[in-house]
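Trainee: Sequence first, then the predicted structure:
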Amino acid sequence: MNKVFIFTLGCQMNTYDSQVAAGILEKAGFEIIVEGEGPGDGLLISGRPSISQGADIVLMNTCSVRDHAEERVWGRLGLLGAEKKERPELIIGLMGCMVEEHREKLFKRFPYLDLMVGTRHIKELPEMIRQVHESRRQVALAPGREDYRVRAQGQPATRFARIKQDGISIEYSETTKRDSGFHAWLPIMTGCNKECTFCIVPMTRGSEVSMPAREVYREAERLVADGVKWITLLGQNVNSYNGGSTDNGQRTTSGRTVDPCPLPAVQDTLFPELLEMLCKIEGLERLSFTTSHPQDATEELFQVIAQNPKIGRRFHLPLQSGSDRILKRMKRHHTYADYKAMIDRLRTLVPEISITTDIIVGFSGETEEDQIATRSALEEIRFDSAFIYKYSVRPGTPAAQLLDDVSSDLKALRNQELIMIQRKITEDKGRLLIGQVRRVFVEGRNADKPKEQIARMDQDRRVIFEADQDCVGQFVSVEFIGLHHETFRAKLH
Ligand code: SAM
């Protein structure tokens, strides 16, 4: 009864939370299986493929940002329910934003769901699984179910730094099961204080809270000492980080050894300063971050990026719409001209920067004219890449009060139109790099073709090249020779 399959949906923050959960469970004696690698591959349950991958426990780390992500969870839960009829001992659990959003209702809707864990209780998963196993009763540690108590014995002894606030948390743990020896995700803030009318994040992740700069610095140093060379800082609005903003008693740290740290205990550290400090860590070669919000995309931040070559050359800045009328309805607090001026300034300071974005089509009240404005924005700015989403109403958000008056057919049509335009721009810009030589960081090798090495550019784009020697963990120079979708083919230079 100890094989756990963790299935992760949603943002990089969820990826990180799943890595924390995997590390804690592994330390407590569970075996973790990764999607596609389970012993259950090819296993059929009543003629259908086994969703559980043959594991004893399935944990789904969920996302609520768009209804599409939720649909996938409902679908999988249905299949898992069918599987459980044939394997009643199977334990099914949910983590992540859907737990925060739907809470107790999920137990009623899915009586075969065994456990739910909110984003701030991941550490208690081993004990919760044991409880379910012993009692076969539904167990939750999430907002609205604070009655559950964890027994102290049997907890893995581990070093933690955590901040927590109602419904949200960030935890740093030595046991986090990273998927690369060289790259690590590092959450520095979570939650959101912005008021975008379409967005559910303030409801699921709560208001903004930042990990103190000292803790971030120490964790980055620890990761580098452990062999990490590339860190990606995470946050719902990572550039809204304020390391001094939560010194009001809501933040707790526990069980840490106090190392010498160049920072005072309390100080108002904003994002540009944090980046500068982290760049000074010897052995850290690359520092990236995602996702930024236009409201905090300041001149100071751009200057810091320009002056620190360690900072990755990709800046993801969601535009959402090219129409000022729609931006206003979304409460984005910027116009298209403001946004364009920011990008122009950043491109002047850092000419090699790659700019990527998010777009929503079919928001309430969007007309053909608004769609043309977004199309023109894509053509004028020429992003390196863009995620283009169809608007979906999220219950409880301010926009849920507005009419969802763009039909799903029209949303699909507008979505497709913009995807085609952006795909062409991405390809055209990529082709300009063919024949050029760049330094790339080699992250791993293809398990089936050991000569094939997988690398990343400073602009965070994937590069594949063949070499006899093992280059993993090193920067190498390659010449680009081809482009397939968004991945470059290259040869060692
Ligand atoms: N904090 C960033 C910002 O607002 O600039 C973005 C983070 S959000 C979690 C990721 C993306 O999901 C958004 O940029 C938006 O494009 C998309 N998104 C959020 N709510 C959505 C909704 N209701 N329907 C469709 N897409 C949505």
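Mentor: Looks like it came in fine. Computed from a predicted structure; not experimentally measured.
Trainee: When you work out contacts or count neighbours from here on, use the C-alpha atoms and nothing else.
Mentor: OK.
Trainee: Show me the shaky parts of this structure.
Mentor: 1, 34-50, 140-169, 244-267 (pLDDT under 70).
Trainee: can you pull out the strands in the stretch 101-250 of the chain?
Mentor: 115-117, 139-141, 160-165, 168-173, 183-187, 189-190, 209-210, 230-234 (DSSP state E, counting those that start in this stretch).
Trainee: what does the longest helix anywhere in the chain rub up against?
Mentor: In the chain, assigned by DSSP state H, the helix with the most residues is helix 408-431. With C-alpha atoms under 8 Å, 6 or more residues apart in numbering as the test, helix 408-431 has contacts from 361-362, 371, 375, 378-379, 382-386, 388-391, 482-483, 485-486.
Trainee: mind listing what's buried in it?
Mentor: Buried residues in helix 408-431, counting neighbours by 16 or more other C-alpha atoms under 10 Å, are found at 411-412, 414-416, 418-419, 422-423, 425-427, 430.
Trainee: So which bits of the protein are right by the ligand?
Mentor: Contact residues (C-alpha under 6 Å from any ligand atom) of the chain with the ligand: 65-66, 198-199, 236-237, 291, 293, 318, 320, 358-360, 389-394.
Trainee: filter the residues you listed to the buried ones?
Mentor: Here, 16+ other C-alpha under 10 Å leaves 65-66, 198-199, 236-237, 291, 293, 318, 320, 359-360, 389-394 buried among the residues of the chain next to the ligand.
Trainee: so of these, which ones are in strands?
Mentor: Residues of those located in strands (DSSP state E): 359-360, 389-390.
Trainee: Let me know the closest of those to residue 29.
Mentor: Comparing these against residue 29 with C-alpha to C-alpha places residue 389 closest, at 40.3 Å.
Trainee: That closest one is in contact with residue 360, isn't it?
Mentor: Yes: between residue 389 and residue 360 a contact is recorded at 4.8 Å, counting by C-alpha atoms under 8 Å.
Trainee: Spatially nearest residue to residue 492 (excluding sequence neighbours)?
Mentor: Excluding its sequence neighbours, the residue lying closest to residue 492 (C-alpha to C-alpha, 6 or more residues apart in numbering) is residue 478, at 4.4 Å.
Trainee: swap that for residue 198, sorry
Mentor: Using C-alpha to C-alpha, 6+ apart, the closest residue to residue 198 is residue 399 (5.2 Å).
Trainee: The stretch 1-150 of the chain: helices as residue ranges?
Mentor: 12-27, 67-86, 97-102, 105-109, 125-135 (DSSP state H, counting those that start in this stretch).
Trainee: Just put those in TSV and tack on mean neighbour count.
Mentor: Output for these, formatted as TSV (neighbours: other C-alpha atoms under 10 Å):
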stretch	mean neighbour count
helix 12-27	22
helix 67-86	16
helix 97-102	22
helix 105-109	12
helix 125-135	17
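Trainee: which residues in the stretch 251-400 of the chain form strands?
Mentor: 251-254, 286-290, 314-316, 354-361, 385-390.
Trainee: want to throw those into TSV with distance to residue 8?
Mentor: Shown next, in TSV, are the strands of the stretch 251-400 of the chain (distance: least, C-alpha to C-alpha, whole Å):
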stretch	distance to residue 8
strand 251-254	27
strand 286-290	18
strand 314-316	22
strand 354-361	21
strand 385-390	19
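Trainee: which one of those lies closest to residue 232?
Mentor: Once the strands of the stretch 251-400 of the chain are compared by C-alpha to C-alpha, strand 286-290 is nearest, at 4.5 Å.
Trainee: Packing partners of that closest one?
Mentor: On a contact count with 3 or more C-alpha pairs under 8 Å, 6 or more residues apart in numbering; DSSP states H and E, strand 286-290 meets strand 230-234, strand 314-316.
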